[in-house]
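Q: build me a model:
(one chain, ligands or ions: 2)
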Amino acid sequence: MADQVPRLFNHAPHCCDVKMDRRQTQSNSKGNIGRWYYTCVVGCRRMIFDDWEGIRDGNPLCRCRHLSRGQVERDDFYIFRCARGRCDFKENEKDVWL
Ligand SMILES: [Zn+2]
Ligand SMILES: [Zn+2]
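A: Numbering: from 1, shown residues only. Ligands and ions are numbered 1, 2, ... in the order given. Modelled structure (predicted):
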């Protein structure tokens with residue numbers, strides 16, 4: 001089933017000048033079980049999901065001019081971030097409506 005999920009990346013992204021590692025989530029604490037993601041193997045602990053979860057038409061564009069990914073973060077805030085982790089775009093859902 002998880003293999004049917006469309007991938008966001010055609011090629012492994014780089015972080016800290018090294019190819020990131022593709023792994024699958026094990027924890028189900030947030031309903032994220034079985035999601036593929038890339039992680040930095042060098043140690044900066046960056047993590048980018050390799051799926052289209054939360055990336056929808058109408059989301060704000062990040063600085064790379066792509067649709068951002070919306071996700072629930074700490075304290076149940078809905079945050080939009082660069083879907084591919086290439087820029088430091090960050091927008092709270094509240095800001096969208098102000
Ligand atoms: Zn890194
Ligand atoms: Zn971006």
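
Q: could you look up the SS state of residue 48?
A: When classified by DSSP: H, G, I helix; E, B strand; the rest coil, residue 48 comes out as strand.

Q: for stretch 12-31, which positions count as buried?
A: For stretch 12-31, burial by neighbour count (16 or more other Cβ atoms under 10 Å) applies to 13, 15, 20, 25. For glycine as for every other residue, the C-beta is placed from the backbone atoms N, C-alpha and C.

Q: can you redo the residues you listed as CSV with pLDDT?
A: Listed next are these as CSV, based on pLDDT from 0 to 100:
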residue, pLDDT
13, 95
15, 94
20, 97
25, 89
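
Q: turn those residues into TSV, columns for distance to ligand 2.
A: TSV is the format used below for the buried residues of stretch 12-31 (distance: Cβ to the ion, whole Å):
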residue	distance to ligand 2
13	12
15	14
20	16
25	22
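
Q: roughly how far apart are the residue lying closest to residue 27 once chain neighbours are set aside and ligand 1?
A: Among residues not flanking residue 27 along the chain, residue 33 sits closest, at 6.8 Å (Cβ to Cβ, 6 or more residues apart in numbering). According to Cβ to the ion, to the nearest Å, residue 33 stands 24 Å off from ligand 1.

Q: residue 24 too?
A: Taking Cβ to the ion, one finds residue 24 at 19 Å from ligand 1.

Q: bridging residues for that residue?
A: Beta bridges link residue 24 to residue 36, judged by DSSP bridges.

Q: isn't it right up against residue 35?
A: Yes - shown here, residue 24 and residue 35 form a contact pair, counting by Cβ atoms under 8 Å, at 6.9 Å.
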